[in-house]
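**Student:** Build me a model:
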Amino acid sequence: MKKKSLMNGIAVYGGLALLLLLGAAAFVFRQDFSGWEKRYLAGIPENGSLTQWTLNDDLETFLSDQVPFRQQLVNLNALTEMYTGRATQLEAWPVGDAVVEKPVQADPETIEKRIRAMREMAGDIPYLFMTPPTAGMLRMDEMTAARRALYEEESRIYDETAGQDGFVPLRADFESSAEPVYYYSDHHWNVSGVELAYRAYCRAAGLETAGEDDFTRTSYTPFRGTTYTRSGLPFVREDTLVCVEPKAAVSVSFQGDDTVYDHLVFPEKAASWDGYEVYLNGNHGMLTILNPEAAEGTLMVFRDSYASSLLPYLSANYSRIIAVDARYYSGSFRDAMAEAGEIDRILFVYSLDSLANDTYLARKLR
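**Tutor:** I've put the predicted structure just below:
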């Protein structure tokens with residue numbers, strides 16, 4: 001009996017000692033930023049205390065972010081969820097050697113309302129919409145029946161949306177592509193996908209596509225995107241960022257920055273925590289691309305992040321492109337149109353999730 005009590009005491013006090021050791025290590029070896037998770041980690045709370053039996057929320061968040069071997073523990077938890085049939089508990093879902101975003105939760109009435117507002121805003125200016133099918137939607141046949149059913153609902157809403165007048169058709173081209181059109185580790189289209197989107201836009205707009213010889217390609221390896229980091233899975237396939245820009249003498253300028261850059265790809269960003277910023281130097285409220293050799297006039301693009309890799313392609317055709325991102329532009333979309341001056345065509349580039357759930361987009365359309 002005494003031996004059993006002794007063993008229980010050792011287990012209890014040993015467990016407490018381990019918890020205290022891990023807590024102390026979190027304070028001593030804390031980090032400000034997680035390159036793996038692509039986010040800033042919680043700092044030391046002002047009013048938290050390890051001596052309290054009930055931890056406040058700030059302290060709990062800090063310890064969760066700073067616990068030693070966090071990445072390995074997150075990986076182990078994600079693998080456990082996946083192999084026990086609970087992959088839907090993850091922030092991003094595995095499919096083959098890739099990860100995809102969860103199915104978009106969308107209200108068709110909200111989407112229709114926003115599309116109608118965009119049409120009204122364009123007025124007499126010719127316009128087109130471009131909304132890519134999601135990576136999960138394209139690969140739903142590889143999933144379990146339960147997960148496939150969720151993507152089938154997303155697919156239905158997508159077809160209703162992208163089948164409307166003025167939308168550039170993309171799904172058939174993407175589904176028939178012999179090459180993957182999305183990154184394995186990120187929700188954005190890769191160079192094959194964006195090239196298909198560019199060619200589809202030119203067909204819809206009645207433009208001649210620029211040839212491969214009109215562009216310069218650069219590649220950056222390795223790349224693992226935000227979908228991978230949120231999944232927690234350790235074995236997602238590594239990607240290569242392939243960037244394209246015209247060989248013509250193009251330039252780009254960003255609102256709030258007096259510098260005019262003579263390139264659209266920024267190689268120094270490839271090694272940063274967000275390698276996707278290699279396109280157009282990251283996110284900007286408004287940017288202007290000029291190509292004096294292009295035949296077409298001014299294209300105004302209202303966009304989310306999918307347009308970052310598309311704009312360099314489009315710059316081969318237009319002498320001036322003005323692109324506006326609702327997340328970073330301070331005014332309304334009508335303010336941006338007034339600032340742009342004469343506009344020959346408008347292109348709206350938004351994912352299904354942006355059309356359905358982006359509150360910034362809703363505010364800028366008012």
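**Student:** and the chain, what are its domains?
**Tutor:** The record's domain parsing of the chain by automatic domain parsing lists 2-68, 98-364.
**Student:** Report the distance from the last one to the chain centre.
**Tutor:** Computed by Cα atoms, centre = their mean, to the nearest Å, the separation of domain 98-364 from the middle of its chain amounts to 10 Å.
**Student:** Correct me if wrong: residue 311 contacts residue 289.
**Tutor:** Yes: here residue 311 reaches residue 289: they are 6.4 Å apart, a contact under Cβ atoms under 8 Å. Where C-beta positions appear, they are placed from N, C-alpha and C, glycine not excepted.
**Student:** Spit out the residues that contact the two alike.
**Tutor:** Among the neighbours of residue 311, those also in contact with residue 289 (Cβ atoms under 8 Å, 6 or more residues apart in numbering) are 264, 321, 323.
**Student:** Tell me how far the last one lies from residue 144.
**Tutor:** Distance of residue 323 to residue 144, computed by Cβ to Cβ, to the nearest Å: 39 Å.
**Student:** Settle it for me: which of these two has more neighbours?
**Tutor:** Using other Cβ atoms under 10 Å as the criterion, residue 323 and residue 144 rank with residue 323 on top: 26 against 12.
**Student:** so that one bridges to which residues?
**Tutor:** When assigned by DSSP bridges, residue 323 has beta-bridge partners residue 287, residue 301.
**Student:** I would like the residues contacting stretch 341-353, please.
**Tutor:** Identification of contacts with stretch 341-353 by Cβ under 8 Å, 6+ apart yields 101, 104, 106, 111, 118, 122, 125-132, 134, 154, 157-158, 161, 201, 205, 296-304, 306-307, 310, 314, 322, 337, 358, 361.
**Student:** pLDDT averaged over stretch 278-290, what's the number?
**Tutor:** For stretch 278-290, the mean pLDDT works out to 94.
**Student:** what about that stretch, how long is it end to end?
**Tutor:** 19 Å (Cα to Cα, to the nearest Å).
**Student:** which non-adjacent residue is nearest residue 328?
**Tutor:** residue 285 (3.8 Å; Cβ to Cβ, 6 or more residues apart in numbering).
**Student:** which helices and strands sit right next to the strand or helix carrying residue 112?
**Tutor:** Per DSSP states H and E, residue 112 falls inside helix 108-122. With contacts taken as 3 or more Cβ pairs under 8 Å, 6 or more residues apart in numbering; DSSP states H and E, helix 108-122 sits against strand 127-130, helix 145-162, helix 333-340, helix 352-357.
**Student:** ok, 7 Å please
**Tutor:** With contacts defined as 3 or more Cβ pairs under 7 Å, 6 or more residues apart in numbering; DSSP states H and E, helix 108-122 has these neighbours: helix 145-162, helix 352-357.
**Student:** for those helices, which one sits closest to residue 270?
**Tutor:** Nearest to residue 270 among those is helix 352-357 (25.0 Å), distances taken as Cβ to Cβ.
**Student:** Output the closest one as PDB - backbone C-alpha positions only.
**Tutor:** Taking C-alpha atoms only, helix 352-357 is exported to PDB below (Å, rounded to 0.1, in the frame of the first residue of the first chain):
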ATOM      1  CA  LEU A 352     -16.200  32.500 -54.200                       C
ATOM      2  CA  ASP A 353     -15.300  33.000 -50.600                       C
ATOM      3  CA  SER A 354     -14.500  36.700 -51.200                       C
ATOM      4  CA  LEU A 355     -17.800  37.200 -53.000                       C
ATOM      5  CA  ALA A 356     -19.700  35.500 -50.200                       C
ATOM      6  CA  ASN A 357     -17.900  36.500 -47.000                       C
END
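**Student:** Distance check, residue 362 against residue 356.
**Tutor:** 10 Å.
**Student:** So which of those two has more stuff around it?
**Tutor:** residue 356 (19 against 14).
**Student:** Once you drop chain neighbours, what's closest to the more buried one?
**Tutor:** With Cβ to Cβ, 6+ apart as the criterion, residue 356 has its nearest non-adjacent residue at 3.7 Å, and that residue is residue 106.
**Student:** Which ChimeraX command selects the buried ones in the contacts of stretch 341-353?
**Tutor:** For the buried members of the contacts of stretch 341-353, the matching ChimeraX selection, counting by 16 or more other Cβ atoms under 10 Å, is:
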select :101,104,106,111,118,122,127,128,129,130,131,132,134,154,157,158,161,201,205,296,298,299,300,301,302,303,304,306,307,310,314,322,337,358,361
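**Student:** Where does pLDDT dip in the chain?
**Tutor:** For the chain, the stretches flagged by pLDDT under 70 are 1-90, 273.
**Student:** And the strands in it, which stretches?
**Tutor:** 33-34, 39-40, 92-95, 98-101, 127-130, 215-223, 239-246, 251-254, 260-261, 286-290, 296-303, 318-325, 345-349 (DSSP state E).
**Student:** Columns distance to residue 169 on top of these, output as CSV?
**Tutor:** What follows is these, written out as CSV (distance: least, Cβ to Cβ, whole Å):
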stretch, distance to residue 169
strand 33-34, 40
strand 39-40, 36
strand 92-95, 24
strand 98-101, 22
strand 127-130, 10
strand 215-223, 23
strand 239-246, 22
strand 251-254, 29
strand 260-261, 33
strand 286-290, 25
strand 296-303, 19
strand 318-325, 21
strand 345-349, 14
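**Student:** separation between residue 112 and residue 203?
**Tutor:** Separation of residue 112 from residue 203 (Cβ to Cβ): 25 Å.
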